[in-house]
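In: generate coordinates for the sequence data below:
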Amino acid sequence: MQLKTTQRLELPPTADMHVHLRQAEMMELVTPTIRQGGVDTVFVMPNLVPPITTVERALEYKSQLEKVDPNVHYLMSLFSLKLHSSVTPDVIDEAAKAGITGVKMYPQGVTTNSENGVANVEAFYPTFAAMENNDMVLNLHGEVLEALAPEGTTLEEAFLPTLKKLHQRFPKLRIILEHCTTTAAVEAVKACGSTVGATITAHHLYLTEADACCDPFAFCKPIPKKPTDRDALLKAAVSGNPKFFCGSDSAPHQILSKTSAEQGKAPAGVFTQPAVTQLVLIALEEGIERGEISESDVTQEKLEGFLSRYGRRFYKLPETSTKKIVLERKGEKIGTSVKSVDGKTEVGISRAGTEVFSLTWEST
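Out: The predicted model follows:
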């Protein structure tokens, strides 16, 4: 495939296995952008206020999302809290029966609304055992607190021994290292068995730490790393290895909170949802231009795998669909933002003004 000169692509719908849809007015605004980005299936993150820690609340949230757009398949999760957590083995059994897909574990204080995150992983071994028994997925935000990372080591790299430890202790537990950002993370996931996978975001395929330090719309957590790390992610995305699949970590924030903050103090999160499939393709084109990947690395099969099939396979979902997405070069550019009708809620989109494939939906 000559991606740069390709004028038309037909792909299965993208499965975005890591999204933040927020709540209230923000939820109403961003949920309709899921299908705009060519996505029909999403794994919804539970770090709301208050966080989702009960089956009842997860199902209530799913119902709210379905009212906004019933054409999306929402996979729901629970938020794993610290020692006084209500996410017990009994709750895991209840969640599995109710169709809850996974449990998201956040280290305490590392991302938006994670103040109640896990401080002691071993305290959750009974919960992990129940998840393994119920064939649920453990979604790991793979970072440690800055104070716990050795000098010269990224927060993600400092977490990787925990990933290895959990996999060794619970070899049948399906574990996803979410939004991995480093060469070391890619290698760590490869070194684990088939029950360990990783999501890669669109924005970590094109951003580096130099972008994140200066542009509030490129600032996110995990923070983008070195160009060599970005390129390792690109290579993983087109490797054909089913351990690696799309999870955008698209994270909306009010545009004013991004633009009015002092440099380095904007809320962490990159919003890619309205063009997430197209942004992955842009990142691949740029990787080819830099010579980090080749035209021959980007095939129809590998695009379908990374964007759609591998994630569905890991979550044990059907890989076929009655719909397809069609991408055509028509000179369309990414808009500056999405805005509510009353103008009170507005979110800036990553890489506004960049020319992208136009996307439409068709029946197969």
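In: residues in contact with Pro227?
Out: Thr208 (Cβ atoms under 8 Å, 6 or more residues apart in numbering). Bear in mind the C-beta positions are built from the backbone N, C-alpha and C, glycine included.
In: and it, how far is that from Lys104?
Out: According to Cβ to Cβ, to the nearest Å, Pro227 and Lys104 sit 29 Å apart.
In: with just CA atoms, put stretch 299-310 into CSV.
Out: Extracted in CSV, the C-alpha atoms of stretch 299-310 (Å, rounded to 0.1, in the frame of the first residue of the first chain):
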residue,chain,number,x,y,z
THR,A,299,-0.8,-3.0,4.7
GLN,A,300,-4.6,-3.4,4.6
GLU,A,301,-4.3,-6.4,6.9
LYS,A,302,-2.2,-4.6,9.5
LEU,A,303,-4.4,-1.5,9.5
GLU,A,304,-7.5,-3.6,10.0
GLY,A,305,-5.7,-5.5,12.8
PHE,A,306,-4.4,-2.5,14.8
LEU,A,307,-7.5,-0.3,14.3
SER,A,308,-10.2,-3.0,14.7
ARG,A,309,-9.6,-6.7,14.9
TYR,A,310,-6.9,-7.1,17.5
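In: list the buried residues of it.
Out: Residues Lys302, Leu303, Glu304, Gly305, Phe306, Leu307, Ser308, Arg309, Tyr310 are the ones in stretch 299-310 that count as buried (16 or more other Cβ atoms under 10 Å).
In: which of the residues you listed fall within helices?
Out: Among those, the residues falling in helices (DSSP state H) are Lys302, Leu303, Glu304, Tyr310.
In: wait, doesn't the last one sit right on Val238?
Out: Same thing as Tyr310. No: the pair Tyr310 / Val238 is not scored as a contact, 12.0 Å apart, by Cβ atoms under 8 Å.
In: return the residues in contact with Pro171.
Out: So Pro171 contacts Gly193, Thr195 (Cβ under 8 Å, 6+ apart).
In: whoops, Arg230 was the one
Out: Here Arg230 is in contact with His204, Leu205, Tyr206, Leu207, Thr208, Pro224 (criterion: Cβ under 8 Å, 6+ apart).
In: pLDDT on the helix or strand encompassing it, on average?
Out: Arg230 is part of helix 227-237 when elements are defined by DSSP states H and E. Helix 227-237 carries an average pLDDT of 98.
In: out of the buried residues of stretch 299-310, the closest to Lys339 would be?
Out: Nearest to Lys339 among the buried residues of stretch 299-310, counting by Cβ to Cβ, is Leu307 at 27.5 Å.
In: give me the pLDDT for the closest one.
Out: pLDDT, read off for Leu307, is 98.
In: which ones are touching the residue nearest to it when sequence neighbours are not counted?
Out: Excluding the flanking residues, the one nearest Leu307 by Cβ to Cβ, 6 or more residues apart in numbering is Thr14, at 4.6 Å. Contacts for Thr14 were tallied using Cβ under 8 Å, 6+ apart; they are Gly37, Gly38, Val39, Asp40, Cys246, Val276, Thr277, Leu307, Ser308, Ile325.
In: can I get the residues you listed in JSON lines with distance to Glu355?
Out: As requested, the contacts of Thr14 are exported to JSON lines (distance: Cβ to Cβ, whole Å):
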{"residue": "Gly37", "distance to Glu355": "16"}
{"residue": "Gly38", "distance to Glu355": "17"}
{"residue": "Val39", "distance to Glu355": "21"}
{"residue": "Asp40", "distance to Glu355": "25"}
{"residue": "Cys246", "distance to Glu355": "21"}
{"residue": "Val276", "distance to Glu355": "16"}
{"residue": "Thr277", "distance to Glu355": "15"}
{"residue": "Leu307", "distance to Glu355": "20"}
{"residue": "Ser308", "distance to Glu355": "24"}
{"residue": "Ile325", "distance to Glu355": "18"}
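In: and these, which are buried?
Out: Buried, going by 16+ other Cβ under 10 Å: Gly37, Gly38, Val39, Asp40, Cys246, Val276, Thr277, Leu307, Ser308, Ile325, out of the contacts of Thr14.
In: ok, and the closest non-adjacent residue to the fourth one?
Out: Of all residues not flanking Asp40 in the chain, Pro13 sits nearest, at 3.8 Å (Cβ to Cβ, 6+ apart).
In: then Glu66?
Out: Tyr74 (6.7 Å).
In: got phi/psi on that neighbour?
Out: phi -100, psi 120 (degrees, to the nearest 10).
In: in the sheet, who's paired with it?
Out: Val42 (DSSP bridges).
In: how about Asn139?
Out: Lys104, Ile176.
In: so Trp263 touches Ala212, yeah?
Out: Actually, residue 263 is Gln rather than Trp. No: Gln263 sits out of contact with Ala212 when judged by Cβ under 8 Å, with a separation of 11.3 Å.
In: between those two, which one's more packed in?
Out: Ala212 (22 against 10; other Cβ atoms under 10 Å).
In: state the phi and psi torsions of the more buried one.
Out: phi -70, psi -30.
In: phi first, then psi, for the residue nearest to Asp40.
Out: Per degrees, to the nearest 10, the backbone of Pro13 is at phi -60, psi 140.
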